[in-house]
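>>> For reference, the sequence and a predicted model appear below.
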Amino acid sequence: MDDIKVISRALDGAEKTVLIGFPGSGLVGSIALQYLVEQMEFEQIGAITSKYFPPVALMTRGVINAPVRLYEKEHLVAIISDVPIHPAICYEVANGIMDWLTKFDVREVVTIAGIITNEPEKRVFGVATSSETLQRIEERTIILPMGSISGVAASLLTECKTRGIPGIGLLGETVNTPDPRSSAATIEVLNQIYDLNLDIQPLLEQAVEIEAAMSQIAEQVQKTEVQPRREQLPMYG
């Protein structure tokens, strides 16, 4: 598709497992995969651009970085996005990504996202495109018995289903703020499935820092709310 441009070298080798994370609830997928590619020293091989993406240029220490990037290491490929995808164009984005991936020998696609619940735990829920694929994760995740998922992760899994490519969805239990603990829980599942042996302790330490910062912000907001507005202050003199 002309509207979705993948600018990348060809994938190297066969039987690729593709991990995909786009921003969503708790930024679970984005945080998990960015941590994974940094810790395991993946090589960036390309980027994805589209007229559908927000007109945002992200930077690190003054250097521009593509908002949607492709990485590769051995049998693993990672697609990571720093920009959210509007629901109205999830189909186009998912279809464009899958059109490019199906040029190569892809073994399976794994989408990582967040799911908001009313529970404080960091469980990982699982879905798959077939009962055979589901067997690979049913002892490592909580299988969702019924219901629906949404967003670009759902569109990607639907494309996998229709194209006959095994697809797995890992949904980390989260709240609607950046949630490294939930991301760490999904990485633990990846460790079990693919024998990655990736240490999540630094990510959990990051979670402590984020939680402390969020607590401080909440405390400041609460203090601001209890202070009387200027027009409510008593007049003197």
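Nice, thanks for sending it over.
>>> Read off the pLDDT value for residue 125.
If you check residue 125, the pLDDT there is 96.
>>> swap in the one 3 residues further on?
For residue 128, the model assigns a pLDDT of 96.
>>> Contact partners for residue 188?
For residue 188, the contact set (Cβ atoms under 8 Å, 6 or more residues apart in numbering) comprises 124, 200. C-beta here means a position set from N, CA and C on the backbone, and glycine is covered the same way.
>>> Look up phi and psi at it.
phi -60, psi -40 (degrees, to the nearest 10).
>>> Can you tell me how far it is from residue 66?
Distance, residue 188 to residue 66, using Cβ to Cβ, to the nearest Å: 28 Å.
>>> for the helix or strand hosting residue 99, which positions count as buried?
When elements are assigned from DSSP states H and E, residue 99 belongs to helix 90-101. Across helix 90-101, burial judged by 16 or more other Cβ atoms under 10 Å covers 90, 92-98, 100-101.
>>> what do you get for stretch 140-159?
Buried, per 16+ other Cβ under 10 Å, within stretch 140-159: 141, 149, 151-159.
>>> got the contact list for the host helix or strand of residue 28?
Applying DSSP H and E as the criterion places residue 28 in helix 28-39. For helix 28-39, contacts defined as Cβ under 8 Å, 6+ apart pick out 19-23, 42, 44, 71, 73, 78-82, 111-114, 153, 171-172, 174, 178-180, 182-184, 186-187, 190, 196, 198-199, 202-203.
>>> one more time with 6 Å
19, 21-23, 71, 78, 80, 112-114, 172, 174, 180, 182-183, 186-187, 198, 203 (Cβ atoms under 6 Å, 6 or more residues apart in numbering).
>>> What is the least confident helix or strand in this structure?
Ranked by mean pLDDT, DSSP states H and E, the helix or strand of the chain with the weakest confidence is helix 201-226, at a mean of 71.
>>> Need the nearest residue in space to residue 40, chain neighbours excluded.
Nearest residue to residue 40 in three dimensions, chain neighbours excluded: residue 73, at 6.0 Å (Cβ to Cβ, 6 or more residues apart in numbering).
>>> count of residues packed around the one you found?
Neighbourhood size, residue 73 [other Cβ atoms under 10 Å]: 15.
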